[in-house]
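*Asks:* no sequence on this one, just coordinates:
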C-alpha cells in the first residue's frame, strides 16, 4: 500500500534537511568530527562547479568525500553554478547572482532529493562567517521550499591565517574589524580598530594605506599545498605580495587570499617577527 497522501489530504510532505557543512580553509584535516558525521548522514552531497578555471575547488570537495565518506548510500551530485555578472554594479549583481544560485539549487534539490532526504553542501571555511550560503538558503525557504537547515561550523580562513603566521587575532583591549577590500579602499583603515581583517580584496586595497603606519600578515590558498604566506611592515612587503599574487593567479587562474592589517605599535609587539 502506498503511503502517499490521498487526494484532498492536507498533510504536507516531509521537509528535506539541508546540511550546510563547514569544511575548513583547504586542508582536509580541518574537517571536524561533527562535519564528518554530518557528511555521512547525507543522502546527497552537492558538488558545485564554478567553471574550468576553478575545477580544483570541486576536486578538493571530492577529495574530502573520498577521504571521509564511508556511507555507501550517499550520492555525489555535481552541478554548474551560475556566474556573477562582473560588468554590472556590484550590489545589484550580487543580489541577482544569489537569486540565480537559489533557483539553481532549487532545481537540483528538487530533481535529486526526495522529500525527507538529507542534502549536504560543503562550504569553505565556516558557513556563518563571510559566506553567503545561508542567505541563499533563506531565499529558498522564503520561496516556499520545505527545508530544515542544520549548520555545522568549520575552521575559517581567518583562523587559518592567524595560525599559519603564529599570531593572535586581536591586541589586548583592541577592536578587530572584518571588512572588504572595496570598503578599505573607499573608507580607509577603520578608525576605531587596531586590527582589520580584509576579505575579498581583488585589488590590493591596502596599498592605499600609510606604508609606514601598518604591519600586514597576508596569505593565499590557506590550508592547501599551494599556501603562500608573507608578513612584515606594509611598505616593506607590498611589492613581494604583488609579485607573489600575480604569479599565483597566472599559474592557477584564480586566487583566494586574505590579510590581517594592524596599526604599527598596537599590541605587545611593534610588528611581525
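*Replies:* On my side now, so go ahead. Keep in mind that what you see is a predicted model, and the values were worked out from it rather than measured. Residues are numbered from 1 along each chain as shown.
*Asks:* C-alpha only now, for contacts and for neighbours.
*Replies:* OK.
*Asks:* mind listing what the nearest residue in space to residue 185 that is not next to it in sequence touches?
*Replies:* In this structure, residue 185 finds its nearest non-sequential neighbour in residue 205, 5.1 Å apart by C-alpha to C-alpha, 6 or more residues apart in numbering. If you count contacts by C-alpha atoms under 8 Å, 6 or more residues apart in numbering, residue 205 has them with 181-182, 184-185.
*Asks:* same check, this time on residue 222
*Replies:* If you count contacts by C-alpha under 8 Å, 6+ apart, residue 222 has them with 25-26, 157, 160-161, 228, 256-257.
*Asks:* Turn those into JSON lines, columns for distance to residue 39, secondary structure and pLDDT.
*Replies:* Formatted as JSON lines, those follow (distance: C-alpha to C-alpha, whole Å; DSSP: H, G, I helix; E, B strand; the rest coil; pLDDT from 0 to 100):
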{"residue": "25", "distance to residue 39": "17", "secondary structure": "coil", "pLDDT": "90"}
{"residue": "26", "distance to residue 39": "16", "secondary structure": "coil", "pLDDT": "88"}
{"residue": "157", "distance to residue 39": "21", "secondary structure": "helix", "pLDDT": "94"}
{"residue": "160", "distance to residue 39": "22", "secondary structure": "helix", "pLDDT": "96"}
{"residue": "161", "distance to residue 39": "25", "secondary structure": "helix", "pLDDT": "97"}
{"residue": "228", "distance to residue 39": "29", "secondary structure": "strand", "pLDDT": "98"}
{"residue": "256", "distance to residue 39": "24", "secondary structure": "coil", "pLDDT": "91"}
{"residue": "257", "distance to residue 39": "27", "secondary structure": "strand", "pLDDT": "95"}
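*Asks:* Of the residues you listed, just say which sits nearest to residue 62.
*Replies:* Residue 62 lies nearest to residue 26 out of those, by C-alpha to C-alpha, at 12.1 Å.
*Asks:* What about the closest one, how many residues nearby?
*Replies:* By other C-alpha atoms under 10 Å, the residues close to residue 26 number 25.
*Asks:* neighbours around the residue lying closest to it once chain neighbours are set aside, how many?
*Replies:* Closest residue in space to residue 26, ignoring its immediate chain neighbours: residue 223 at 4.6 Å, by C-alpha to C-alpha, 6+ apart. Here the count is done by other C-alpha under 10 Å, and residue 223 has 20 residues near it.
*Asks:* Any figure for the gap between residue 236 and residue 166?
*Replies:* Between residue 236 and residue 166 the computed distance is 20 Å (C-alpha to C-alpha, to the nearest Å).
*Asks:* Please type out the PyMOL selection for whichever of the contacts of residue 222 turn out to be buried.
*Replies:* Those of the contacts of residue 222 that count as buried under 16 or more other C-alpha atoms under 10 Å are selected in PyMOL with:
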select buried, resi 25+26+157+160+161+228+256+257
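*Asks:* Many thanks, we can stop here.
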